[in-house]
Structure formats: C-alpha cells, structure tokens
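Chemist: Predicted model and sequence follow; I will ask about them next.
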Amino acid sequence: MKKGWVDFKLVKALVPFEQLLAHYGLELKPAKGSELLGLRPFHQDTKPSFRVNTEKRVFHCFGCEANEILRRLIWQKNAI
C-alpha cells in the first residue's frame, strides 16, 4: 500500500461520519436537523463557522469557503 493512500470507499462504508470527525478532534454541537456546528479545523477560529451535515456526509467552512465531502477532510487533516 502506498504511503498516504486511503481507501475512501472502505472508510465511508465502515466508519460513521461522527466517529471520523471525533477522530480528528472536531468538537461539534448540534445545530439543526442532521447538522453540526463547530470551530473551523483548518484555521484559527473564535466563533463556530464550520458546519457539517452528517446525513449527506459533507462539510462547509464559512471562513475559507471550503466545502466538500469526507475525502477532502481526510486529505486536509493528513496533508495527503
């Protein structure tokens, strides 16, 4: 297996999104419905501006406008 290689299909199938977020130390609080809100994991932040939709398994960072799926979160947190 190549260094930095991640089987995203396997991660998506086996790991609940909330567990993955907790693995990276993201402290998120319920917002509305299936959404969670917390501090941005990629930048310094003092007010919660990072929103996650656990049902769709997507996130949006209102600071840098990053929005993507599980794959990008893993890439950015692991510098892949």
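Modeler: Done, it's in.
Chemist: Could you report the neighbour count for the closest residue to N53 other than its chain neighbours?
Modeler: Leaving aside its chain neighbours, N53 sits nearest to E35 (5.3 Å; criterion: C-beta to C-beta, 6 or more residues apart in numbering). No exception for glycine: its C-beta is placed from N, CA and C like everyone else's. Counted by other C-beta atoms under 10 Å, the residues lying close to E35 total 15.
Chemist: Hmm, K56 and E35 touching each other?
Modeler: No: the pair formed by E35 and K56 falls short of the contact definition of C-beta atoms under 8 Å, at 9.5 Å.
Chemist: contacting residues around G33?
Modeler: E55 (C-beta atoms under 8 Å, 6 or more residues apart in numbering).
Chemist: what do you get for the one 3 residues further on?
Modeler: With contacts defined as C-beta under 8 Å, 6+ apart, L36 is in contact with 18, 21, 28-30, 51-52, 54.
Chemist: Partner strands of the host helix or strand of it, with direction?
Modeler: Secondary-structure assignment from DSSP states H and E places L36 in strand 35-38. Within its sheet, strand 35-38 is paired with strand 28-30 (antiparallel), strand 50-53 (antiparallel), according to DSSP bridges.
Chemist: V6: which of those is closest?
Modeler: The minimum distance between V6 and these falls on strand 50-53, with 19.0 Å, by C-beta to C-beta.
Chemist: what helices or strands is the very next helix or strand once past that closest one leaning on?
Modeler: Next along the chain after strand 50-53, taking DSSP H and E as the criterion, comes strand 58-61. Other helices and strands packing on strand 58-61, by 3 or more C-beta pairs under 8 Å, 6 or more residues apart in numbering; DSSP states H and E, are strand 50-53, strand 67-69.
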